[in-house]
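Colleague: give me the fold of what follows.
(2 chains)
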Amino acid sequence: MSFSRFEGTDRYLVSAELRDAVNVAVALERPLLIRGEPGTGKTVLAEAIAESLVLDLLCWNIRSTSKAQEGLYLYDTVQRLNDARFGDRDIRDVRPYIKYGPLGRALLAEQRVVLLIDEVDKADIEFPNDLLHELDRTSFTVHETGETHVARQRPVVVITSNNEKELPDAFLRRCVFHYIAFPERDLMAEIVRVHHPDVEGELLRQVLRRFYWLRDLDAVRKRPSTSELIDWIAALRRGGVTAARIEQELPFLGVLLKRESDVGVARRAHRQQAVN
Amino acid sequence: MFTDFFYFLRARGLTVSLTEWLTLVEALVQGHARSDLAAFYSLARSLLVKREADFDLYDRAFAAFFDGVDEHFELDAELLAWLADPVLPPPSAADLDGLAAPDLEELRRLFEERLREQKERHDGGEKWIGTGGASPFGRGGAHPAGVRVGGAGGGRSAVQIAGARRFRNLRADRVLDTRQIGLALRRLRRLERRGAPEVLDLEATIDTAARNAGEIDLVFAPERRNHVKLLLLIDVGGSMDPHARLCERLFSAADKARHFKRFEYRFFHNCVYERLYTDIAQWRGAPTTELLREIDSTWSAILVGDAWMSPYELTSPGGAIDYAHRNEESGLAWLSRLRQRCPQSVWLNPEPARIWHATTIDLVRRVFPMFPLTLDGLGEAVDVLRGSRPNRPLRTAFPA
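Modeller: Numbering: from 1, shown residues only, chains lettered A, B, ... in the order given. Prediction:
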């Protein structure tokens, strides 16, 4: 069996384990379930896979009202009735009124595509199970036309979830699972360099020290994530803040911490540290 | 045997299913373990363990199995050395292309057959179980025990492990998890069409079109929505401490269920008196009468508590010794009032039904239909709330 291998991209660095998990999922044609802290790049992973394997990407952002059916297709009855009434289109054919959803389009695609099902845990508790059927068989029937569509090739399915407990076992059994751990300092330094290639070494060192110090404060309720760190560095550089100043104070803290109480906690802890 | 690892993981409490295991076998056939124990470690984890909470369990099981520290699975150093350092490089992708991937049934049959035949160590080659090579089985150190089939392997037989496994799965008192509770609560719904007309009513549209001689007039109707309003009252008294986790799960399932029209929760201590709490850490709350004004007979109430207290806490005014103020009315009066205000209400008791004859529990049972806080009990309670199971009326022996 031959398959192109996912190696991450210039903009997206992966750990060896994540890389393997992606390749196994692609080769075994199983959905890849990704969990991890917010801001660890779960959603961006699908983009990176698409870019690395040179495939198109289809995104399906799940909301609390999402139904498995609308991922496949929706039949636009209202449009058809409207057209029937005003008679400006041929309405005898149902097909133009079938609107395919992301899953439907992924299964119909001529070329293999990457399908991202983002934040699957947001939907109803039974949603993942409803999805299983179509993902397993990779075919679906449009009841309005009686046509059954069989996928030419299985899409690469990437599913992200924030919630640990709500996913049904039958669904989990079919997935390849990977948990994106929060990056260690070394990997984080590499990630930062991808976004800020010319960041000064001493500044980066200080920034990371502060960042992990903040994350380790127990009282901080919403811990800053990678994307916030990258924004913070952008702010620091634009503001011309030096490494020494980061040591002494906490500039642009609002970029890192989004809760009023967390900012207070950080300031107090910082003063405490200065006193000692 | 390679299969031992499967049973070993299961014996260690990881619920690896056969489907997942066969997926792993398939991945090994395709060469994803790359003859490398570390790669096998993460490969097996991504296919067998689906909750990060179980990663630690997996790590310990993996270490125990492959380091041979567990007394039941002694692996000698030579075997480990062989696994860590396979003699042959893994076959190239081109080699793999040449191998037809047999279907899983066939693969499983071959696998077992070969395990029976094999008597010694193999590196490379295309048939035997070992490292390197292109045999479908045991590549990449994934098959430490392949050798042990003919060797001096000690330890429990798979049958024994399987036996232990079955025993565990048959346990009737399985713990309710959030998802199961969520599913049980999901059945609690009354679908009604109310509110703004948003969805097309096809039947009515066809009907009017027919009446209007084919002139189409789109008719819209409100969407069917769940109109259940749920009130959850949870006892957080001291005697409830052993059941705290269960109550937390029930609470989080109800809180997360998105299908209720409204969801309210309050906490109480031992029994409902004139105040109910929304925050137990700081004992913040509001008068019970305020809640009673808010709810009406369209609400469903679930009370959770052991109903286990001194009789006077339930029957006498001033019985609630926990509070600085004296309760003017007995707990039972408050409970009766709640039940009258909200007839569709049930009591879930985490204590086993065999002790329900105890005085206070029995008294509470006269006010509310009581069910055990188990999956079955919750199901029955939901049936009562939906009206698909008769609800016993309040026995009005108490002042309301």
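Colleague: residue A:107 touches residue A:151, doesn't it?
Modeller: Yes: taking C-beta atoms under 8 Å as the definition, residue A:107 is a contact partner of residue A:151 at 4.1 Å. (C-beta placed from N, C-alpha, C; glycine too.)
Colleague: what does the stretch 51-200 of chain A put close to chain B?
Modeller: A:64, A:77-78, A:81-82, A:84-85, A:124-126, A:164-169, A:172-179 (C-beta under 8 Å from any C-beta of the partner chain).
Colleague: one more pass at 7 Å, please.
Modeller: A:64, A:77-78, A:81, A:84-85, A:125, A:164-166, A:168, A:172-173, A:175-179 (C-beta under 7 Å from any C-beta of the partner chain).
Colleague: per-residue confidence at residue B:21?
Modeller: Note for residue B:21: predicted pLDDT of 91.
Colleague: surely it and residue B:7 touch.
Modeller: No: using C-beta atoms under 7 Å as the test, residue B:21 is too far from residue B:7 to be in contact (9.9 Å).
Colleague: in the stretch 151-300 of chain B, which residue sits nearest chain A?
Modeller: residue B:216 (4.1 Å; C-beta to the nearest C-beta).
Colleague: residue contacts, the residue of the stretch 51-200 of chain B found nearest chain A?
Modeller: Distances between the stretch 51-200 of chain B and chain A by C-beta to the nearest C-beta are smallest at residue B:52, namely 4.0 Å. Counting by C-beta atoms under 7 Å, 6 or more residues apart in numbering or on different chains, residue B:52 makes contact with A:35, A:179.
Colleague: repeat that for 10 Å
Modeller: A:35-36, A:164, A:177-181, B:58 (C-beta atoms under 10 Å, 6 or more residues apart in numbering or on different chains).
Colleague: what does residue A:228 give?
Modeller: A:38-39, A:211, A:214, A:222, A:255-258.
Colleague: at 6 Å instead, please
Modeller: residue A:256 (C-beta atoms under 6 Å, 6 or more residues apart in numbering or on different chains).
Colleague: how about residue A:5: what's its closest non-neighbour residue?
Modeller: Spatially, and ignoring its direct neighbours in sequence, residue A:5 is nearest to residue A:23 (5.6 Å; C-beta to C-beta, 6 or more residues apart in numbering or on different chains).
Colleague: for residue A:30, see how far away that neighbour is.
Modeller: 12 Å (C-beta to C-beta, to the nearest Å).
Colleague: same thing with residue A:70?
Modeller: If you go by C-beta to C-beta, the gap between residue A:70 and residue A:30 works out to 24 Å.
Colleague: so between these two, which is more surrounded?
Modeller: Per other C-beta atoms under 10 Å in any protein chain shown, whichever of residue A:70 and residue A:30 has more neighbours is residue A:30, with 24 against 16.
Colleague: what helix or strand is residue B:277 on?
Modeller: strand B:275-279 (DSSP states H and E).
Colleague: of residue A:107 and residue A:151, who's got more company?
Modeller: residue A:107 (25 against 16).
Colleague: which other helices and strands does the helix or strand hosting the more buried one contact?
Modeller: Element membership for residue A:107, per DSSP H and E: helix A:102-108. With contacts taken as 3 or more C-beta pairs under 6 Å, 6 or more residues apart in numbering or on different chains; DSSP states H and E, helix A:102-108 sits against strand A:56-61, helix A:68-72.
Colleague: okay, that helix in PDB with CA atoms only?
Modeller: Taking Å, rounded to 0.1, in the frame of the first residue of the first chain, the C-alpha atoms of helix A:102-108 are listed here in PDB:
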ATOM      1  CA  PRO A 102     -19.300  19.200   4.000                       C
ATOM      2  CA  LEU A 103     -19.600  15.400   4.600                       C
ATOM      3  CA  GLY A 104     -21.600  14.900   1.500                       C
ATOM      4  CA  ARG A 105     -19.100  16.900  -0.600                       C
ATOM      5  CA  ALA A 106     -16.200  15.000   0.900                       C
ATOM      6  CA  LEU A 107     -17.800  11.700  -0.100                       C
ATOM      7  CA  LEU A 108     -18.700  12.900  -3.600                       C
END
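Colleague: any idea how far that helix is from the chain center?
Modeller: Averaging C-alpha positions (C-alpha atoms, centre = their mean, to the nearest Å) puts helix A:102-108 19 Å from its chain's average.
Colleague: which element is encountered next along the chain beyond that helix?
Modeller: strand A:113-118.
Colleague: can you give me the buried ones in the helix or strand that that following strand is followed by?
Modeller: Using DSSP H and E, the helix or strand that follows strand A:113-118 in sequence is helix A:127-137. Within helix A:127-137, the residues scored as buried using 16 or more other C-beta atoms under 10 Å in any protein chain shown are A:127-128, A:131-132, A:134-135.
Colleague: lovely, talk soon.
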